[in-house]
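Enquirer: Here is a sequence with its predicted model. Questions after.
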Amino acid sequence: MSTTMSNKKKGKGKKFLLALVCAGIVVFLMVAMLFFVMLSGMGTNLLQQQKSNTDLEWVLSPDGKKLIPAQYIPIYQEAGKKYGVPWPLLAAIHKVETDFSRNLSVSYTGARGHFQFQPCTWVGWSYSGCKGTLGNLPNSVDITNTALIAKHGGFGVDANGDGKADPYDIHDAVHSAARYLFSNHQKGEDWFGPKGPVWNYNHAQFYIDKVQRYTNLFASAQQSESGGATYTGGKFVWPVKGRITGVFGEWRGSHSHGGLDIAAPLGTPIYAAADGVVYLSKANPGGYGWYVGIDHGGGVVTWYGHVYQHQVIVKVGDKVKQGQKIAVVGNNGRSSGPHLHLEVHVKGQKQDPLKWLNK
């Protein structure tokens, strides 16, 4: 009898163990499927982000054509495309650092080359000789050694394929600057924002402002394709003449885009989309820079972002007519190029502006 009871217990134990194993397999498969779905969604978002980057074109301005030496432009464009950096930003830094390589003197801290890299930034700060320094290294250290750069995580790049990463070679220097800016940039982040890519290049605010001015001067952002925009028709007039560079609802890395971006040169007039009353004109810490709001009645309001305060020609309380000029296009706030950010709100909820604009 004791033997029979023991066998029954063993049988029950085996069944319990088998059930436990089966349950574990089911849980594992469910987690794997969930993980696969998450990866698929992330892949879609990344593809959308990459497409939005490729849709954006930077068009050389008359000032850019006059001021930038022509031989450098293809190099900026190549590096910008490879690393996802606006090529006019590379041109602007080149201008500010060495006046387009007209002044290649070594700085007092040892910065050198076309883009004035510190040797330790170029070769990598983990190099033993960089400890306790401002970033300079003796000339006996071969900072063009690509193996040394790879070992210490430096930003020097051998872009021309000659086996050396040379800060005095223009191809290497431009690509290295692009790589450095890219490594300090988060998706959707303002290139000129606090602790952003340009700040990491040089912490001085006057330097950041100067680079931003040249970036805006050299080129303007435009859209090469429609970016998937569809026009459903509406009663609002288009507030600015330009090209769509961002549509409502597209994924921006950490959030969904809440408006419509229309690229246009700095100073392009912005018009009221419809009759209404100006109910706000203020700075926005969320990235719009200075923006203007118009109340059209019935719970419908429009916002016009990235303008500069001194270029707004209406004030709170003003009654405006549809098509009346209210400001001009700027590049204020979190912006990678001159454009208008237009939002439509209905009773506090953001709406797709394309459903309100006429064809």
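Expert: Received, thanks. Remember, it's a predicted structure, so these values are computed and weren't measured experimentally. Numbers count the residues shown, from 1 in each chain.

Enquirer: quick one, strands of the stretch 201-350 of the chain?
Expert: 219-223, 243-246, 260-263, 269-271, 276-284, 289-295, 300-307, 319-320, 325-328, 339-346, 349-351 (DSSP state E, counting those that start in this stretch).

Enquirer: The fifth one versus strand 339-346: what angle between them?
Expert: Going back to what we said before, that points to strand 276-284. 120 degrees (axes from the mean of the first three to the mean of the last three CA atoms, to 10 degrees).

Enquirer: For strand 276-284, name the packing helices and strands.
Expert: Helices and strands touching strand 276-284, by 3 or more CB pairs under 8 Å, 6 or more residues apart in numbering; DSSP states H and E, are strand 289-295, strand 300-307, strand 319-320. Just so you know, the C-beta spots here come from the backbone N, C-alpha and C atoms, and that holds for glycine as well.

Enquirer: one more time with 7 Å
Expert: Counting by 3 or more CB pairs under 7 Å, 6 or more residues apart in numbering; DSSP states H and E, the packing neighbours recorded for strand 276-284 are strand 289-295, strand 319-320.

Enquirer: Out of the strands of the stretch 201-350 of the chain, point me to the one whose mean pLDDT is lowest.
Expert: For the strands of the stretch 201-350 of the chain, the weakest mean pLDDT is recorded on strand 219-223, namely a mean of 61.

Enquirer: follow-up on the earlier one: would you turn the helices and strands packed on strand 276-284 into a markdown table with mean neighbour count and distance to W87?
Expert: Converted to a markdown table, those look like this (neighbours: other CB atoms under 10 Å; distance: least, CB to CB, whole Å):
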| stretch | mean neighbour count | distance to W87 |
| --- | --- | --- |
| strand 289-295 | 22 | 23 |
| strand 319-320 | 16 | 38 |
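
Enquirer: Please report the distance of the closest residue to F192 other than its chain neighbours from A204.
Expert: Nearest non-adjacent residue to F192, counting by CB to CB, 6 or more residues apart in numbering: Q212, 4.7 Å away. According to CB to CB, to the nearest Å, Q212 stands 13 Å off from A204.

Enquirer: ok, the two, which is more surrounded?
Expert: Q212 (18 against 10; other CB atoms under 10 Å).

Enquirer: Name the spans of the stretch 101-250 of the chain whose pLDDT lies under the cut-off.
Expert: 188, 220-233 (pLDDT under 70).

Enquirer: so what are the domain limits for this structure?
Expert: The domain map for the chain lists 59-219, 225-355, with the assignment taken from automatic domain parsing.

Enquirer: possible to save the helices and strands packed on strand 276-284 as JSON lines with distance to T109?
Expert: JSON lines is the format used below for those (distance: least, CB to CB, whole Å):
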{"stretch": "strand 289-295", "distance to T109": "33"}
{"stretch": "strand 319-320", "distance to T109": "53"}
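
Enquirer: This completes my enquiry, with thanks.
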